[in-house]
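Colleague: how does the following fold in three dimensions:
(2 chains)
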Amino acid sequence: MRCLIYARTDEAGWLKDYFPDVDPFLLKIVNKPLLEYILDMVTLLGFNEVRIVSDNSTKEIEHSLGVGSKWGSKISYALARPGDSLKNVYLKNHSFCRDTALLLWDGFFFASYDSKHLVDYFKQDQGFCCGDSKRMIYLAAGENLGNAFVQQSTAQECLEIKNISSIKDYYQLSMDILKAWNRNYVLPGYTNEKDTFLGLNVVYPHSCELHPPIMIGNNCRFQRETWIGPNSIIGNNVIIDENTCVNDSIVYDNTYVGRDLDLDHKIVYKGNLISAQSGECIHILDKVLVSQVELGIVTSYLNRLVQRVFALCLFAIQTMPWLLLYLPFSVVSKELRTERLLSKNMNTRRYTDSRLVAKSWWGRLMIRFSLDKYDLLFRAAFSGELYLVGNRLFVNSVKNRKLIGDLPVYNPGVFSLSESVASHNPGVDSFYELEYIDKISTLLNIKILIATLYGRLFKGLDTDGHN
Amino acid sequence: MELNFKQENKVGIIEVKGRLDAYHAPELRTLYNSVADKAVNFVFDMAQCDFVDSTGLGTIVACLKSASQGGGDIHIANLQEKPRMVFDITRAHKIFHIFDDLEAAVLSFDEDMGD
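Modeller: Numbering: from 1, shown residues only, chains lettered A, B, ... in the order given. The predicted model follows:
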């Protein structure tokens, strides 16, 4: 038996204001991603093949759930276009859906169920349908699927759909599960006493007080005189500093909460402080109060250091040819620089533009030795404003501003992936930048550097004038 | 890389085998240009394509632009795991209809996909 989960995100747009970098279906409800609750239910009903179709991205979901061995089932993944209807998604996954009993999960919601009643109901071998046009669970044999969209709800007595359409819904649902339904679901952590769930590697001193109902994730540190609970959910990798009180609140993963604070009916997500009652969200800039726990900071510094050393070497090698060949060329040439975008904040600086340099034979000769990169290398080596290899350093234009705004990160470099492959397909810049961001590694950077220097030396500048 | 072209139900099917990367992408563009007048709608069957990079993807997008200008569309069928990850990270799935079955992809041109 198979289950198709259409992880449709069009009803979850509100989450971006509060949890900007969390996939809606990986939103943690009582420290457990929503999709894991869905998979628990699907497994309970005996479905052993699951396909998760996302209109957003499956990358994070795949990373979190893997192939499904945790549930003893086989999970596959597929992509849909935003706005695709359930019927379209069914057609697009026709090979998976045909010739079998199929459970369809469509939309962003939580299913509250009584496991015993649900299994009993399911054993009666009757198709069931629950929900409305925007969110539903539907079970039928393949040939009945055409009726999926006109069925009336039939399983209300054992299954209830809970909308998560606002931060208040999210808070209420989390508290309901923690306080009243925590025995209905498999929740993370171990428990010695009623309504208390503790993760691994939790450290707290004798002066810290924990009051159930409470859920604490893995790798948490509470300092002295802290007071946690009742009705509090603390995520993984959370630090709560001295003399702070957290009750009726949710602290999301990787968050630091400062000292002498009183969190009451609040949700804290990294630097965001959210009122669970009004839905107001404040981004706290003062990292002494609340902030994100920095991850991978050492690797980041090391990568930056290595890039600066390489940039310095190249800069030193180019100094003499630049003085002899490029400096006289730049004196006799007109303006060779254009304004470039340096960050997602849209800061700009003027740098040499290879397309302008390439207009004369002398300039094209300079490009073969990458002397047009000299001012960029200076910045990469001494100011750290640019990486040696990074995202493409875009010219300041409306189109490029939008493109940079859509990228998850933008760290421009002297050399880039798009320049190294010298693509001639217009309008696909974002593909190169997104691929680079996803696959970034020291080895990839070295390959890009070598490919670009080699390509420039033996082929000159490509027709797009990447630089 | 190996490319084959056939027609089914007035839909052009281009079968892509092997690696669709910066080195091989121009071959796909050349083939597409040579068959573009034989059909309006196309399906790229990627069942035996085990690698796509951003240049290969850029070429598919260029083919889609050409098809759109002629009032047609390109659907993708049987996308394998690694190429799917490239479609995912580059968000190319937001511009293509991707099917897990060639037959469904061909027949889908008769369906209203809500474009």
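Colleague: please count neighbours and contacts with C-alpha atoms only from this point.
Modeller: OK.
Colleague: can you tell me the element A:R401 falls in?
Modeller: Taking DSSP states H and E as the criterion, A:R401 maps to helix A:398-406.
Colleague: quick one: contacts of that helix?
Modeller: Contacts made with helix A:398-406 from outside it, assessed by CA atoms under 8 Å, 6 or more residues apart in numbering or on different chains, are listed as A:L341, A:K344, A:M346, A:F394, A:Y410, A:S430.
Colleague: any quick PyMOL command for the buried ones out of those?
Modeller: Restricted to the buried members of the contacts of helix A:398-406, where burial is judged by 16 or more other CA atoms under 10 Å in any protein chain shown, the PyMOL selection command reads as follows:
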select buried, chain A and resi 341+344+394+410+430
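Colleague: which of the contacts of helix A:398-406 fall within strands?
Modeller: A:L341 (DSSP state E).
Colleague: of the contacts of helix A:398-406, closest to A:I250?
Modeller: Nearest to A:I250, judged by CA to CA, of the contacts of helix A:398-406 is A:K344 at 30.3 Å.
Colleague: surely A:G258 and A:D286 touch.
Modeller: No: in terms of CA atoms under 8 Å, A:G258 does not count as a neighbour of A:D286; the distance is 9.9 Å.
Colleague: neighbour count winner among these two?
Modeller: Counting neighbours by other CA atoms under 10 Å in any protein chain shown for A:G258 and for A:D286 shows that A:G258 has the greater number, 19 against 10.
Colleague: contacting residues for the residue found closest to the more buried one once you drop the neighbours it is linked to in the chain?
Modeller: Computed as CA to CA, 6 or more residues apart in numbering or on different chains, the closest residue to A:G258 that is not its neighbour in sequence is A:L289, at 4.4 Å. The neighbours of A:L289, taking CA under 8 Å, 6+ apart as the test, are A:Y256, A:V257, A:G258, A:R259, A:L261.
Colleague: now, these that are in strands?
Modeller: Among the contacts of A:L289, the ones falling in strands (DSSP E) are A:Y256, A:V257.
Colleague: closest to chain B out of the contacts of A:L289?
Modeller: Nearest to chain B among these, counting by CA to the nearest CA, is A:Y256 at 30.0 Å.
Colleague: report the beta-bridge partners for that closest one.
Modeller: Here A:Y256 sits in beta bridges with A:I239, A:S291, going by DSSP bridges.
Colleague: show me the contacts for it.
Modeller: Neighbouring residues of A:Y256 by CA under 8 Å, 6+ apart: A:V238, A:I239, A:I240, A:D241, A:K270, A:L289, A:V290, A:S291, A:Q292, A:V293.
Colleague: kindly report the same for A:L449.
Modeller: Remark: with contacts taken as CA under 8 Å, 6+ apart, A:L449 is in contact with A:V389, A:F415, A:S416, A:S420.
Colleague: ok, the residue of the stretch 301-450 of chain A found nearest chain B - how many residues close by?
Modeller: Scanning the stretch 301-450 of chain A for proximity to chain B using CA to the nearest CA identifies A:F431 as nearest, at 4.9 Å. Here the number of neighbours of A:F431 (other CA under 10 Å) works out to 22.
Colleague: farthest pair within the contacts of A:Y256?
Modeller: Using CA to CA, the contacts of A:Y256 reach their maximum pairwise distance at A:D241 and A:K270, which is 14.5 Å.
Colleague: ok, the nearest residue in space to A:L376 that is not next to it in sequence - how many residues close by?
Modeller: In space, not counting the residues next to it along the chain, A:L376 is nearest to A:V414; the distance is 5.8 Å by CA to CA, 6+ apart. Neighbourhood size, A:V414 [other CA under 10 Å]: 23.
Colleague: assign A:V414 to helix, strand or coil.
Modeller: Following DSSP: H, G, I helix; E, B strand; the rest coil, A:V414 is assigned to strand.
Colleague: B:A67 now?
Modeller: Of the three states, B:A67 takes helix under three-state DSSP.
Colleague: what's near enough to touch it?
Modeller: With contacts taken as CA under 8 Å, 6+ apart, B:A67 has the following neighbours: B:A36, B:V40, B:N41, B:D73, B:I74.
Colleague: go ahead and confirm the fourth one touches B:L64.
Modeller: It refers to B:D73. Yes: using CA under 8 Å, B:D73 and B:L64 qualify as a contacting pair, with a distance of 6.4 Å.
Colleague: pull out the buried residues from the helix holding A:R401.
Modeller: Of the residues in helix A:398-406, those buried by neighbour count under the rule 16+ other CA under 10 Å are A:N400, A:R401, A:L403, A:I404.
Colleague: could you do stretch A:22-39 as well?
Modeller: Along stretch A:22-39, these residues count as buried under the neighbour rule (16+ other CA under 10 Å): A:23-39.
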